[in-house]
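1. Curious how this folds, go ahead:
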Amino acid sequence: MVKTGMIFNNTGDMKYTILFILMTLVPWACKPSVPENQTQNPESLKKVEISIKGMTCTGCEETVSRGAMSLEGVTEATASFREGKAWITFDTVKVSPEQISASISKTGYQVTGVIPVN
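-> A predicted model of the protein is given here:
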């Protein structure tokens, strides 16, 4: 076996060394960062319920949620095609309910109403 600065008695030692390095570095490398669109000021967070026409499946729900989440300041978006609604949590400093409605409309669905939840 070629020695490259570290002494390995056999290939088993090298496997354990690599495993140790991966166990040490991977959790650090995989720590989720705070998404840019999440706010640091919980007092400016608001939630709205948006009524939406045109959703017929879970794919529609995902499209509506992604449309809302694409905006800076939207921290959470959940949609239900069965109820024809989406619930959006957002930072009032960064985005308005009108901007969220417009973003959802751009995905091809009709926004029919916006009601504050909190």
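
2. so what are the domain limits for the chain?
-> 1-31, 42-116 (automatic domain parsing).

3. In the protein, where is pLDDT below threshold?
-> Along the chain, the model assigns pLDDT under 70 to residues 1-40, 118.

4. Please, where are all the helices along it?
-> 11-29, 58-69, 97-106 (DSSP state H).

5. need the longest strand for the protein.
-> strand 45-53 (DSSP state E).

6. how many other residues sit next to the residue nearest to residue 112 when sequence neighbours are not counted?
-> Using Cβ to Cβ, 6 or more residues apart in numbering and skipping the chain neighbours, the partner closest in space to residue 112 is residue 51 (4.5 Å). For glycine as for every other residue, the C-beta is placed from the backbone atoms N, C-alpha and C. Neighbour count of residue 51, defined by other Cβ atoms under 10 Å: 14.

7. hang on, residue 111 packs against residue 98?
-> No. In this structure, residue 111 is not within contact of residue 98 by Cβ atoms under 8 Å, at 9.8 Å.

8. any idea how far the nearest residue to residue 62 once chain neighbours are set aside lies from residue 42?
-> Leaving aside its chain neighbours, residue 62 sits nearest to residue 79 (7.8 Å; criterion: Cβ to Cβ, 6+ apart). With the distance defined as Cβ to Cβ, to the nearest Å, residue 79 ends up 23 Å from residue 42.
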